[in-house]
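Asker: return a 3D structure for these sequence lines:
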Amino acid sequence: MSALEPNDVLPLRYSGLLLRVVAGLADLGVVWLFAWLVSTVLGIPFLAATPEQLADTTSLHMLNAIVLFFAWLYFAGLETSNLQATLGMAVMGIYTADQSGERAGMGRTTVRFLTRFMSIFPLFCGFLPILLTRRRQAVHDMLSGCVILKR
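Answerer: You can find the predicted model right below:
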C-alpha cells in the first residue's frame, strides 16, 4: 500500500520560522539592491544623506514610491507566478499558497504584501503566531488567507 490512490490527499507541510526568516532576509537584500540602483540613477544618496539632500522631499517621495511599487510587484507578483515564491523563498524551498494549498491569486498576495507591515510593526510581533499556530501562519498570512508550505 505504498502507492497513492488517485483519491488520496497528501498533507500540507507548513514552513517554520527559520526558513521564513532566511528567505525574508534574502528578499530584503533584493529590494535594497533595487532601491540602491534607483537612488543612484536619481542621484539620491541611499543611506547617508546631508540635511540639504533630505530636505528635497520630492525626490525622497519619488524614490519611496518607486521602491514600494517594485516591492509589491516582486512579492505579490512572484508569489502569484508559477514559482509561487520570491527568490529567497525559492532558494529555501518554500512557497506561498492559499489555505487549501492551491496557488494564491494576485488579490490575495497583494493583501498579504500590504498587511505584512502589521506583522513587522511593532517589533516583528506579528510573526510570533508562526510558533504557536498549527498552520504556522503569521498575522499577515491569517489576514490574507495564505500559508507558506515546504516543497
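Asker: check contacts around residue 19.
Answerer: By C-beta atoms under 8 Å, 6 or more residues apart in numbering, the contact set of residue 19 is 92, 93, 94, 150. (C-beta placed from N, C-alpha, C; glycine too.)
Asker: follow the chain on from the lengthiest helix in the chain and name the next helix or strand.
Answerer: Ranked by number of residues, the top helix in the chain under DSSP state H is helix 17-42. Sequence order places helix 51-55 as the next helix or strand after helix 17-42, per DSSP states H and E.
Asker: now do that following helix: everything it contacts.
Answerer: 44, 45, 60.
Asker: where's the dip in pLDDT among these?
Answerer: Here the lowest pLDDT out of the contacts of helix 51-55 sits on residue 45, with 77.
Asker: can you pull the contacts of it?
Answerer: 39, 53.
Asker: hmm, 10 Å instead?
Answerer: Neighbour list for residue 45: 39, 53, 54 [criterion: C-beta atoms under 10 Å, 6 or more residues apart in numbering].
Asker: JSON lines for those, including neighbour count?
Answerer: Compiled in JSON lines, these are given as follows (neighbours: other C-beta atoms under 10 Å):
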{"residue": "39", "neighbour count": "19"}
{"residue": "53", "neighbour count": "13"}
{"residue": "54", "neighbour count": "12"}
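Asker: pull the lowest-mean-pLDDT helix or strand in the chain out as PDB, backbone CA atoms only.
Answerer: The weakest-scoring helix or strand in the chain, judged by mean pLDDT, DSSP states H and E, is helix 51-55 (a mean of 77). Output of helix 51-55 as PDB, limited to C-alpha atoms (Å, rounded to 0.1, in the frame of the first residue of the first chain):
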ATOM      1  CA  PRO A  51      20.400  67.600   5.700                       C
ATOM      2  CA  GLU A  52      20.000  69.500   2.400                       C
ATOM      3  CA  GLN A  53      19.500  66.300   0.400                       C
ATOM      4  CA  LEU A  54      17.000  65.100   3.000                       C
ATOM      5  CA  ALA A  55      15.100  68.400   2.600                       C
END
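Asker: list the helices and strands whichever helix or strand comes after that helix packs on?
Answerer: Using DSSP H and E, the helix or strand that follows helix 51-55 towards the C-terminus is helix 57-72. Contact analysis of helix 57-72 by 3 or more C-beta pairs under 10 Å, 6 or more residues apart in numbering; DSSP states H and E lists helix 17-42, helix 51-55, helix 106-120 as its packing neighbours.
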